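> Structure for the following, please:
(one chain, ligands or ions: 1)
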Amino acid sequence: MAMDLELEGRTALVTGASRGIGRGAALALAAEGVKVAVGARRRELLEELADEIVAAGGKRPAIIVTPDLAVAGGGAYKVKDEALAALGHIDILVNSAGRSQNPDYPGRMPYDAPDTAWDQEMQLNYVTIRQLTLALIPGMIERKYGRIINISGKTEPWQLHTANPPKAAVHGFSKGLSRQVAKHGVTVNSIPPGKIISEQILRNYSEQQRKETSKWIPSGGFGDPSDIANLVVFLASPLARYITGAVIPVDSGFRRYAY
Ligand SMILES: NC(=O)c1ccc[n+]([C@@H]2O[C@H](COP(=O)([O-])OP(=O)(O)OC[C@H]3O[C@@H](n4cnc5c(N)ncnc54)[C@H](OP(=O)(O)O)[C@@H]3O)[C@@H](O)[C@H]2O)c1
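Numbers count the residues shown, from 1 in each chain. Here you go, the predicted model:
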């Protein structure tokens, strides 16, 4: 018998849904009968995604045009308010808005970059996730069902990299929170992707660089957003009730740590 993920009729907010992994997660959740709210800055891409979801037989998603979430100033709370207004309640939160490079510093951001630049990366890749998560947790506890799924990233640095500290913060935050809310039916997990073809990957890696990097990936190539989305839908489902506080890499064995 086919596995029933028991997701039909649930609700989800997916940030960073205009492109890449967030988009893949929104498509996969909608295909399971989840009513989704999709957030990002580019409305036209969210409209395209909504049409694609409907064409595939899913429920039309609510579109949430977000402010720049790398800028402090309550953007996460605005997104939360709009998502709740659209969906009534939220069972599943997929935090996928993020980036591994500051657009003002293509390549590697130097360690003497101004505080504002470092703070923006922390704001987008950690503070926004923390704010949105904590704002939605009370409703999840009340309804005795909640799934927080953070698309994080690697935390073991080659050298100083803007994305490592906020991703490590996400893992620590999620672990601590997971222990506090588990008894209420709420799980909190993180997925650090390996190398997944997405908008930022196509922007940051030339074809030659992708070829070189592929040599270090045991299966020999980059993954696809659906490779992450398959785990997202499982973690979102009631079947994953006993998985929490976990950091589950989806990277085809790219990283070599074992634990
Ligand atoms: N792909 C990989 O191999 C990989 C590896 C490690 C970690 N990750 C992590 O996975 C997450 C998703 O990345 P991705 O690769 O799927 O990237 P992507 O294809 O570039 O998509 C990023 C998404 O985040 C939104 N976003 C970016 N900056 C934003 C901002 N300042 N304010 C609001 N929304 C913003 C974008 O939408 P708009 O531009 O329309 O707002 C877009 O929907 C990120 O946290 C990234 O660090 C990815």
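> per-residue confidence at Tyr259?
Listed pLDDT for Tyr259 reads 66.
> how about stretch 139-156, does it get close to the ligand?
Yes. Using CB under 6 Å from any ligand atom, we find that stretch 139-156 touches the ligand at Ile151, Gly153. C-beta here means a position set from N, CA and C on the backbone, and glycine is covered the same way.
> Give me the buried stretch members for that stretch, please.
By neighbour count on 16 or more other CB atoms under 10 Å, the buried set for stretch 139-156 is 139-141, 145-155.
> Turn these into TSV, columns for pLDDT and distance to Gly16.
Formatted as TSV, the buried residues of stretch 139-156 follow (pLDDT from 0 to 100; distance: CB to CB, whole Å):
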residue	pLDDT	distance to Gly16
Gly139	98	21
Met140	98	20
Ile141	98	25
Tyr145	98	23
Gly146	98	19
Arg147	99	17
Ile148	99	15
Ile149	99	12
Asn150	98	11
Ile151	98	7
Ser152	98	12
Gly153	96	13
Lys154	90	18
Thr155	89	19
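> out of these, which are inside strands?
If you go by DSSP state E, the buried residues of stretch 139-156 have Gly146, Arg147, Ile148, Ile149, Asn150, Ile151 in strands.
> For Thr116, give its distance to the ligand.
14 Å (CB to the nearest ligand atom, to the nearest Å).
> actually Gly24, not the one I typed
Counting by CB to the nearest ligand atom, the gap between Gly24 and the ligand amounts to 8 Å.
> for Ala55, same thing?
20 Å.
> How about residues contacting the host helix or strand of Leu132?
Assigned by DSSP states H and E, Leu132 belongs to helix 128-143. Helix 128-143 is contacted by residues 13, 15, 69, 75-77, 79-80, 84, 89-91, 93, 95, 97, 146, 148, 150, 169-170, 173, 177, 181, 184-186, 188 when judged by CB atoms under 8 Å, 6 or more residues apart in numbering.
> Show me those that map onto helices.
Gly75, Ala76, Tyr77, Val79, Lys80, Leu84, Ala169, Val170, Phe173, Leu177, Val181 (DSSP state H).
> So which of those is the closest to the ligand?
Gly75 (7.4 Å; CB to the nearest ligand atom).
> if I read this right, Leu29 contacts Ala236, doesn't it?
Yes. The pair Leu29 and Ala236 passes the contact test of CB atoms under 8 Å, sitting 6.5 Å apart.
> what do the two both touch?
Leu7, Ala12, Ile92, Val94.
> filter those residues down to the ones near the ligand?
Filtering those for neighbours of the ligand using CB under 6 Å from any ligand atom leaves an empty set.
> Could you measure from Gly194 over to the ligand?
In this structure, Gly194 and the ligand are 6 Å apart, going by CB to the nearest ligand atom.
> ditto for Gly185
26 Å.
> Could you do Ser178 as well?
In this view, Ser178 and the ligand are 19 Å apart by CB to the nearest ligand atom.
> Report the contact partners of that residue.
Thr187, Val188, Asn189, Thr244, Gly245.
> Not including adjacent chain positions, what is the nearest residue to Glu52?
Leu27 (6.9 Å; CB to CB, 6 or more residues apart in numbering).
> State the pLDDT value of the one you found.
So, for Leu27, pLDDT stands at 98.
> so which strand or helix has it?
helix 20-31.
> can you tell me the residue of the stretch 51-200 of the chain closest to the ligand?
For the stretch 51-200 of the chain, CB to the nearest ligand atom, closest residue to the ligand: Gly98, 2.1 Å.
> residue contacts, that residue?
Gly16, Leu124, Asn125, Ile151, Gly153, Ala163.
> Would you mind listing what in the stretch 51-200 of the chain touches the ligand?
Counting by CB under 6 Å from any ligand atom, the residues of the stretch 51-200 of the chain near the ligand are 66, 68-70, 96-100, 124-125, 151, 153, 163, 193, 195-196, 198-200.
> re earlier: who wins for neighbours among the shared contacts of Leu29 and Ala236?
Val94 (32 neighbours; other CB atoms under 10 Å).
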